[in-house]
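Engineer: sequence-free structure coming up:
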C-alpha cells in the first residue's frame, strides 16, 4: 500500500530524501520539481550504445557516434565487465562522425555460469571517462535438453547478483505461485508448460537462485528484478527531401530524439513526427522452499569451445513473506525542446508508482526545458514497480524555410527494496536502476550521479 508520510521510522525526514534537490514539497511524501532551467545547451551524446546482441557466437555492440566531429575523442575502448564486476574483455574503437560502428568484444562470454550471468558494457575515452554504458544478461539458447548456445539481451543495473528476469517470466512465476498455493511443483517443467519459449530463461533463473535457496530450510526470499522497455529495440528515423530532413531515433524505452530541419527550399511535404516510449522497473519478493533438486548436464557451446555444465532442476514449494517489505522509489525525468523559424516542438515526461497518478508530469513546447525528480515509498508483501513514459513531437510545415525543431530527453529511475523480518532468513536490501538519455555525455553523468546518490543512502 502507498506510504504517504514524509517522516522516516524515527519520525524524521530520511537524509537521502532531504538530499534530493526539489523545489516543491507536497505534504504526504510526494515530491516533484517543476520545470526549471538546466543551463546552456550542451552538445548531443558523443556515443549511444544502440544495441547489444550475439552475432557469430560473439558479443556484438552497435555504437552510434555524434555527427559533430569536433566532439569526438581520438580513441575509445569498449570494455565488458562480468558478474563479479571484473573486466573480462575489451576492444579499441575509433569513433567515426555520424556513423554506426559494429564492434565485437571477443572473449566476453567465457564462463558466465561461474562469473555471473549479469554483465555490462562500458564505453570509455582515453582518459577513462564513461561515454555510455549498457548492462546485459547472458542467457541460453537450447536446441534440445542436451545442447545449448549462449545469447545476450539488455539487462538491469543492480547492486547485487539478484536473479534478473524478463517481465514475461515474472508474470508466469507469479501465476504459478498463485496456482500451486502451498503445493510442490517442478519449477522448470511448469514454466515450460505455461510458456515453452521461456524454458531456456527459467533454466538460467534456477541456476542463479541455487546459491540462495537452501534445501529443506525455512521460507526463503530473494529479490527478483525485472524491466520492461517499449519499444524494446531502437527504431531509427530518417527522411530526406530536397532542402529538408527529419532525423532521430525512438527507444530503447522512454528515450528518444528528433530533429526536423528545413532550409530555404519550399517543398510540398510537412515534416511531422511523433515518438513515444516507456520504461518500467519492477522489484518483486520471490519466496519459496526448495524441496529437492535433480541435476542435468548441458553441453554449452561458447566462443572458447563446448563445455559441460550441470544445471539444477528444483522442485519448489511456494511460501509468502510474513512481513511487508519497504520499496523506495526514485525518478528523474528531463526534456528539452528547441525551435527556430516557423516550427513546433513538444516534449512530455511522466513518472508514476504502482500504476497510480503521475508524481512527475511535465509538458513543454517551443524553446523550453524541464528537469524534474520525485521520490515515493510503498510497502508490500510482494512487489513494487514504477514507470517513466515520454512523448516527443516535431513539426516543420511544407511552407517553412530556414526553420528547425529539435526535441531530446532523458530519465533515471530506481527502486530500493528492504526487508527486515525475523520470521525468515535475513535478506540484504537491493537497489535496481535504469536510465537513458539523448541529452549528451554531461547529462548522462548527471543522471548516473543521481542514481548513485539514491543508492548510497541504503547501506
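Structural biologist: Arrived safely, thanks for sending. Given the structure is predicted, the values throughout are model-derived calculations rather than measurements.
Engineer: secondary structure element holding the closest residue in space to residue 369 that isn't next to it in sequence?
Structural biologist: Distance criterion CB to CB, 6 or more residues apart in numbering; nearest residue to residue 369, sequence neighbours excluded, is residue 336 at 4.3 Å. All C-beta spots, glycine's among them, are computed from the backbone N, C-alpha and C. Residue 336 belongs to strand 325-340 when assigned by DSSP states H and E.
Engineer: what pairs with that strand, parallel or antiparallel?
Structural biologist: Sheet pairing of strand 325-340 (DSSP bridges) gives strand 368-380 (antiparallel), strand 403-419 (antiparallel).
Engineer: in it, which residues are buried?
Structural biologist: Within strand 325-340, the residues that count as buried by 16 or more other CB atoms under 10 Å are 325-339.
Engineer: now that strand, how far from the centre of its chain.
Structural biologist: 14 Å (CA atoms, centre = their mean, to the nearest Å).
Engineer: who does the helix or strand following that strand touch, helix- and strand-wise?
Structural biologist: The helix or strand immediately downstream of strand 325-340 is strand 343-353, counting by DSSP H and E. With contacts taken as 3 or more CB pairs under 8 Å, 6 or more residues apart in numbering; DSSP states H and E, strand 343-353 sits against strand 325-340, strand 360-365, strand 368-380, strand 383-396, strand 403-419.
Engineer: just put these in CSV and tack on distance to residue 72.
Structural biologist: Below are the helices and strands packed on strand 343-353 laid out as CSV (distance: least, CB to CB, whole Å):
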stretch, distance to residue 72
strand 325-340, 22
strand 360-365, 29
strand 368-380, 25
strand 383-396, 25
strand 403-419, 19
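Engineer: you'd agree residue 95 is up against residue 71?
Structural biologist: No - in this structure, residue 95 is not within contact of residue 71 by CB atoms under 8 Å, at 9.3 Å.
Engineer: residue 451 sits in which helix or strand?
Structural biologist: helix 441-456.
Engineer: just the buried residues of that helix, please?
Structural biologist: 441, 443, 444, 446, 447, 448, 450, 451, 454, 455.
Engineer: for the chain, where's the lowest mean pLDDT among helices and strands?
Structural biologist: Sorted by mean pLDDT, DSSP states H and E, the helices and strands of the chain end with strand 25-26, the least confident at a mean of 26.
Engineer: and the helix or strand hosting residue 309, what does it pack against?
Structural biologist: For residue 309, the host element (DSSP H and E) is strand 307-318. Applying 3+ CB pairs under 8 Å, 6+ apart, we find strand 307-318 packed against helix 167-180, strand 185-186, helix 187-194, helix 199-209, strand 271-301.
Engineer: got a list of contacts for the third one?
Structural biologist: Applying CB atoms under 8 Å, 6 or more residues apart in numbering, the set of residues contacting helix 187-194 from outside is 169, 172-173, 175-176, 180, 198-199, 202-203, 206, 313-316.
Engineer: check the offset of that helix from the chain's centre.
Structural biologist: Counting by CA atoms, centre = their mean, helix 187-194 comes out at 27 Å from the chain centroid.
Engineer: now do that helix against strand 307-318, angle only.
Structural biologist: Angle of helix 187-194 versus strand 307-318, following axes from the mean of the first three to the mean of the last three CA atoms, to 10 degrees, is 80 degrees.
Engineer: buried set for helix 187-194?
Structural biologist: For helix 187-194, the buried set under the neighbour-count rule, 16+ other CB under 10 Å, comprises 187, 188, 190, 191, 192, 194.
Engineer: then the first one?
Structural biologist: Within helix 167-180, the residues scored as buried using 16+ other CB under 10 Å are 169, 170, 171, 172, 173, 176, 177.
Engineer: nearest to residue 369, of the buried residues of helix 441-456?
Structural biologist: Residue 369 lies nearest to residue 443 out of the buried residues of helix 441-456, by CB to CB, at 11.0 Å.
Engineer: touching, that closest one and residue 334? I think so.
Structural biologist: Yes - at 7.1 Å, residue 443 and residue 334 qualify as touching, with contact defined as CB under 8 Å.
Engineer: what is in contact with the two at once?
Structural biologist: Counting by CB under 8 Å, 6+ apart, the residues touching both residue 443 and residue 334 are 410, 437.
Engineer: average pLDDT for the strand holding residue 309?
Structural biologist: On average, the pLDDT along strand 307-318 is 93.
Engineer: roughly how far does the closest residue to residue 455 other than its chain neighbours sit from residue 158?
Structural biologist: Nearest residue to residue 455 in three dimensions, chain neighbours excluded: residue 431, at 4.4 Å (CB to CB, 6+ apart). Relative to residue 158, residue 431 is positioned 7 Å away (CB to CB, to the nearest Å).
Engineer: go on, residue 390?
Structural biologist: To residue 158, residue 390 is 23 Å away according to CB to CB.
Engineer: more neighbours, these two?
Structural biologist: A direct count of neighbours by other CB atoms under 10 Å for residue 390 and residue 158 places residue 390 higher, at 28 against 21.
Engineer: next, residue 251: phi, psi?
Structural biologist: Backbone torsions for residue 251, taken as degrees, to the nearest 10, come to phi 90, psi 180.
Engineer: gap between it and residue 51?
Structural biologist: 10 Å.
Engineer: got a list of what residue 416 touches?
Structural biologist: Contact analysis of residue 416 by CB under 8 Å, 6+ apart lists 327, 328, 429, 430, 431, 454, 455, 458.
Engineer: report the two of the residues you listed separated the most.
Structural biologist: Farthest pair in the contacts of residue 416, by CB to CB: 327 and 455, 14.1 Å.
Engineer: picking up where we left off before, list the contacts of the residue nearest to residue 369.
Structural biologist: By CB under 8 Å, 6+ apart, the contact set of residue 336 is 38, 41, 347, 364, 368, 369, 406, 407, 408, 409, 439.
Engineer: now, of those residues, which are buried?
Structural biologist: Buried by 16+ other CB under 10 Å: 38, 347, 364, 368, 369, 406, 407, 408, 409, 439, out of these.
Engineer: redo those residues as TSV? Include distance to residue 136 and pLDDT.
Structural biologist: Compiled in TSV, these are given as follows (distance: CB to CB, whole Å; pLDDT from 0 to 100):
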residue	distance to residue 136	pLDDT
38	30	38
347	29	98
364	33	98
368	35	97
369	31	97
406	30	97
407	28	97
408	25	96
409	23	97
439	23	88
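Engineer: one step back: which residues do residue 95 and residue 71 both contact?
Structural biologist: Joint contacts of residue 95 and residue 71 (CB under 8 Å, 6+ apart) are residue 46.
Engineer: tell me which of these two has more neighbours.
Structural biologist: residue 95 (21 against 17).
Engineer: could you confirm that one falls within a strand?
Structural biologist: No - assignment of residue 95 by DSSP: H, G, I helix; E, B strand; the rest coil gives coil, placing it outside any strand.
Engineer: need the strands for the stretch 101-250 of the chain, in chain order.
Structural biologist: 118-125, 130-142, 147-154, 157-158, 165-166, 185-186, 220-230, 235-241, 244-250 (DSSP state E, counting those that start in this stretch).
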